[in-house]
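K.L.:
Sequence below, structure please.
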Amino acid sequence: MKKYIALTLLVLAGMGFYGCDFSNKAQEKVVKSEKKEKKGFEIMTDFEVAKSQAKINNKPILLIFSGSDWCGWCIKLDQEVFSTQEFKDWAADNVVTVIADFPARKQLPSELAMQNEKLKDTYNVSGFPTVFLLNDDGSVIARTGYQRGGAANYIRHLKMFLGAAK
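P.N.:
Predicted structure coming up:
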């Protein structure tokens with residue numbers, strides 16, 4: 001009987017040890033995942049959250065007005081610039097990016113659609129794409145749109161505005 005109890009305890013101890021080791025590995029993965037998310041590029045949709053992040057991180061806001069599923073120049077700007085790894089790497093370190101989208105074929109949640117309309121009125125946007133660099137309080141640094149030359153050129157273009165604002 002003592003052999004069975006000892007064997008059972010040994011098996012349970014081994015399972016417990018394995019379980020602890022596994023949970024530590026899972027926990028490490030979560031921590032690594034969180035670090036990647038914090039450092040990575042993200043296009044936000046909530047302007048107030050973007051302003052808060054800009055204040056916390058002492059970064060300007062890149063506000064993109066787009067008709068993502070119907071505006072040819074918006075689609076081109078996204079493909080040539082915003083979707084490239086070069087731009088994502090730069091933006092993750094330098095700006096808080098937020099989009100005010102006005103799609104034709106996709107319906108946005110009503111709160112988001114109302115926010116985007118309000119932003120469109122606030123910043124007097126009449127065409128797409130329109131791109132703003134803003135201070136963390138929402139005041140305008142610069143207004144621009146599509147620029148030829150891909151991500152590297154667009155980054156230079158934005159840096160010019162950011163350098164002038166300092």
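K.L.:
give me the number of residues near the residue nearest to residue 84 when sequence neighbours are not counted?
P.N.:
Once flanking residues are discounted, residue 84 sits nearest to residue 151: 4.3 Å by C-beta to C-beta, 6 or more residues apart in numbering. (Glycine included, C-beta is placed from N, CA and C.) By other C-beta atoms under 10 Å, 19 other residues sit near residue 151.
K.L.:
where does residue 151 land in three-state SS?
P.N.:
Following DSSP: H, G, I helix; E, B strand; the rest coil, residue 151 is assigned to helix.
K.L.:
what sits against the closest residue in space to residue 104 that isn't next to it in sequence?
P.N.:
With sequence-adjacent residues excluded and distances taken as C-beta to C-beta, 6+ apart, residue 104 is closest to residue 70, at 4.1 Å. By C-beta atoms under 8 Å, 6 or more residues apart in numbering, the contact list for residue 70 reads 103, 104, 105.
K.L.:
contacting residues for the residue nearest to residue 84?
P.N.:
Here residue 151 is in contact with 80, 81, 84, 86, 87, 90 (C-beta under 8 Å, 6+ apart).
K.L.:
do residue 49 as well
P.N.:
Residue 49 makes contact with no residue, according to C-beta under 8 Å, 6+ apart.
K.L.:
Isn't residue 63 up against residue 96?
P.N.:
No: Residue 63 is beyond contact range of residue 96, at 9.3 Å (criterion: C-beta atoms under 8 Å).
K.L.:
shared neighbours of the two, anything?
P.N.:
Contacts common to residue 63 and residue 96, judged by C-beta under 8 Å, 6+ apart, are residue 50.
K.L.:
Now tabulate the contacts of residue 70 in JSON lines and tack on pLDDT and distance to residue 75.
P.N.:
Output for those, formatted as JSON lines (pLDDT from 0 to 100; distance: C-beta to C-beta, whole Å):
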{"residue": "103", "pLDDT": "98", "distance to residue 75": "11"}
{"residue": "104", "pLDDT": "97", "distance to residue 75": "12"}
{"residue": "105", "pLDDT": "97", "distance to residue 75": "13"}
